[in-house]
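**Q** Quick check, what structure comes out for this input:
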Amino acid sequence: MTRRVLVIVPFAMSDDNLRLREQQLAGLQFGADLRFEYRAVQAGPANYSSHHDFALADVSIFEAGCRAEDEGFAAVCIDTMSDSGVAALRSVLDIPVFGPGKVAMLTALMLGDRFSILTMASRWKPLYKKALDELGLHPKCASVRAIEVPPDNQGLLSGKEDAVFPLLEAAAHQAIAQDGADVLILGSTTMHQAHAYLQQRLPVPIINPGPLSYQIAQTALALGLRQSRQAYPRPMHPRLDMLEAMQRAARQSLQQGGTP
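**A** Below is the predicted model of the structure:
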């Protein structure tokens with residue numbers, strides 16, 4: 001029997017742009033019994049540059065996946081290093097839910113002693129701080145190196161490779177030589193197109209967070225593991241219908257020309 005894993009993309013987008021996200025599966029081998037299906041949120045933030053955006057992302061991702069178990073999915077993965085919506089989804093789903101942020105950081109510590117994060121812009125740094133705060137891993141994070149290139153959550157790095165890839169490589173070498181990083185992490189799933197380029201040119205492991213979360217989900221399913229109900233208790237009074245109505249209204253407003 002084929003098991004389905006839902007991958008929730010945190011921005012509303014076209015089918016063409018969604019396929020750029022699906023390219024994270026390239027080169028991965030899961031067998032015929034596991035299939036990944038990508039779904040964009042109905043409406044969400046235009047970008048991830050403030051705590052305003054983080055709150056909207058939690059709501060939009062939660063709504064996109066809150067019925068995943070009823071839809072027959074075996075697991076859920078979140079396609080953003082912020083791990084937005086993960087905790088909320090774990091509270092309503094009995095299937096495993098994973099985000100790439102904490103997974104990448106914890107895996108980095110199985111490969112080395114200290115890690116650095118390569119990111120597009122300094123405005124993303126609060127995303128990493130949140131995970132580092134919750135995990136208590138600030139002493140293990142050697143640095144967060146930003147190349148200060150405006151991120152594109154729709155077209156990703158397509159067409160920008162010649163400009164962006166060398167900047168990321170230079171930042172990676174600085175993180176290793178100056179900051180003492182043993183392992184590097186791509187700071188966004190939107191940066192996955194740079195992974196192969198960097199992996200061939202760096203003397204330390206570099207983690208591609210999206211595909212790593214897929215592998216973790218596969219392992220959890222194989223071992224029968226899922227989140228603890230002690231850590232993620234069910235809501236006493238679920239309001240999923242209200243949540244879905246809010247997202248439908250938001251999508252309609254955007255389609256009618258409302259403020260994005």
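**Q** right, and the helix or strand after the host helix or strand of residue 109?
**A** According to DSSP states H and E, residue 109 maps onto helix 100-111. Next along the chain after helix 100-111, taking DSSP H and E as the criterion, comes strand 115-119.
**Q** In its sheet, which strands sit next to that following strand, and in what direction?
**A** Strand pairing for strand 115-119, using DSSP bridges, gives strand 141-146 (parallel), strand 183-186 (parallel).
**Q** quick one: the helices in the stretch 1-150 of the chain?
**A** 15-22, 51-65, 86-92, 100-111, 125-135 (DSSP state H, counting those that start in this stretch).
**Q** right, so of the ones you listed, which gets closest to residue 201?
**A** Evaluated over the helices of the stretch 1-150 of the chain, closeness to residue 201 peaks at helix 100-111, with 17.6 Å, by C-beta to C-beta. C-beta: built from backbone N, CA, C; applies to glycine.
**Q** Give me the residues contacting the closest one.
**A** Helix 100-111 is touched from outside by 77-83, 115, 127-128, 131-132, 134-135, 137, 140-141, 182-183, 185, 189, 205, 207, 209-210, 212-213, 216, with contacts defined as C-beta atoms under 8 Å, 6 or more residues apart in numbering.
**Q** again, only using 7 Å
**A** 81-83, 115, 131, 135, 137, 140, 183, 185, 189, 205, 207, 209-210, 212-213, 216 (C-beta atoms under 7 Å, 6 or more residues apart in numbering).
**Q** what do you get for stretch 231-243?
**A** Taking C-beta under 7 Å, 6+ apart as the rule, stretch 231-243 contacts 62-63, 66, 87, 90-92.
**Q** switch to 8 Å and redo it
**A** Stretch 231-243 has contacts (C-beta under 8 Å, 6+ apart) with 59, 62-63, 66-67, 87, 90-92.
**Q** ok, now stretch 210-224?
**A** Taking C-beta under 8 Å, 6+ apart as the rule, stretch 210-224 contacts 3, 5, 7, 24-25, 28, 30, 34, 36, 74-79, 96, 98-100, 103-104, 107, 189, 192, 225-226.
**Q** Put the buried members of those residues into a ChimeraX selection.
**A** Buried members of those, defined by 16 or more other C-beta atoms under 10 Å, are picked up in ChimeraX with:
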select :3,5,7,24,25,34,36,74,75,76,77,78,79,96,98,99,100,103,104,107,189,192,226
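**Q** Tell me which two in the contacts of stretch 231-243 are the farthest apart.
**A** It's 67 and 87 that sit farthest apart of the contacts of stretch 231-243, by C-beta to C-beta, at 17.3 Å.
**Q** center of the protein, which residue is that?
**A** By C-alpha atoms, centre = their mean, the chain has its centre lying nearest to residue 80, at 2.1 Å.
**Q** buried stuff in the lowest-mean-pLDDT helix or strand in the chain?
**A** Across the helices and strands of the chain, mean pLDDT, DSSP states H and E gives its lowest value to helix 240-255, namely a mean of 85. Using 16+ other C-beta under 10 Å as the test for burial, helix 240-255 gives 243, 246-247, 250-251, 254.
**Q** In this structure residue 25 contacts residue 34, no?
**A** No - judged on C-beta atoms under 8 Å, residue 25 makes no contact with residue 34 at a distance of 10.7 Å.
**Q** picking that back up, how about TSV for the helices of the stretch 1-150 of the chain, with distance to residue 166 and mean pLDDT added?
**A** Compiled in TSV, the helices of the stretch 1-150 of the chain are given as follows (distance: least, C-beta to C-beta, whole Å; pLDDT from 0 to 100):
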stretch	distance to residue 166	mean pLDDT
helix 15-22	21	91
helix 51-65	29	93
helix 86-92	33	97
helix 100-111	23	98
helix 125-135	22	95
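**Q** buried stuff in stretch 203-213?
**A** Within stretch 203-213, the residues that qualify as buried by neighbour count (16+ other C-beta under 10 Å) are 204-213.
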